[in-house]
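# Whatever this is, show me its structure:
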Amino acid sequence: MNIEAALVSVARTGDVSFGTNSVLKNMMGGKGRLVIISENCAPDTYGKIKQYSGITNIPVFVFKGSSNDLGSICKKPFPISAMTIFEQGDSDIFDVIK
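Numbers count the residues shown, from 1 in each chain. Prediction:
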């Protein structure tokens, strides 16, 4: 399975949260198993996410596409710069990103 298919599946069947503010809040609380950010995520937000990743050991995966691409893949009518994955559902997202 490729990353796009895994993202479709996790957005449909998993437990996820969308948005940079939500991601930062979750990371500050040590919540989440994986963070995915788009390639065009704002540099200051990317820096904060990487900083919290180092503190909480929550891995960060940079999606090779824009926030519009990520939103489209996740079947959302809005751009997604960042998302937190709590549970993978029927996807194999954790295997795909290794």
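
# Can you name the residues that contact Tyr52?
Applying C-beta atoms under 8 Å, 6 or more residues apart in numbering, we find Tyr52 in contact with 24, 27-28, 58. Where you see a C-beta, it was placed from the backbone N, CA and C, and this is true even at glycine.

# of all these, which comes closest to Ala82?
Leu24 (8.3 Å; C-beta to C-beta).

# just to revisit the earlier point, buried ones only from the contacts of Tyr52, please, as a PyMOL command.
For the buried members of the contacts of Tyr52, the matching PyMOL selection, counting by 16 or more other C-beta atoms under 10 Å, is:
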select buried, resi 24+27+58
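
# Please narrow the contacts of Tyr52 to those residing in helices.
Cross-referencing the contacts of Tyr52 against helices under DSSP state H gives 24, 27-28.

# Ile36: which of those residues is nearest?
Once C-beta to C-beta is applied, the member of these that ends up nearest Ile36 is Met27, at 12.6 Å.

# What residues does the closest one make contact with?
Here Met27 is in contact with 35, 49, 52-53, 56, 58, 84 (C-beta under 8 Å, 6+ apart).

# Sticking with the closest residue in space to it that isn't next to it in sequence, tell me its helix or strand.
Ranked by C-beta to C-beta, 6 or more residues apart in numbering and with sequence neighbours excluded, the top spatial neighbour of Met27 is Tyr52, at 3.8 Å. Tyr52 is part of helix 43-56, with elements assigned from DSSP states H and E.

# Direction included, what does the helix or strand just after that helix pair against?
Heading C-terminal from helix 43-56, the first helix or strand you meet, by DSSP H and E, is strand 60-63. Sheet pairing of strand 60-63 (DSSP bridges) gives strand 34-38 (parallel).

# now the partner strand against helix 43-56, angle please.
Counting by axes from the mean of the first three to the mean of the last three C-alpha atoms, to 10 degrees, strand 34-38 points 170 degrees away from the direction of helix 43-56.

# in strand 34-38, what's buried?
Neighbour-count burial for strand 34-38, counted by 16+ other C-beta under 10 Å, picks out 34-38.
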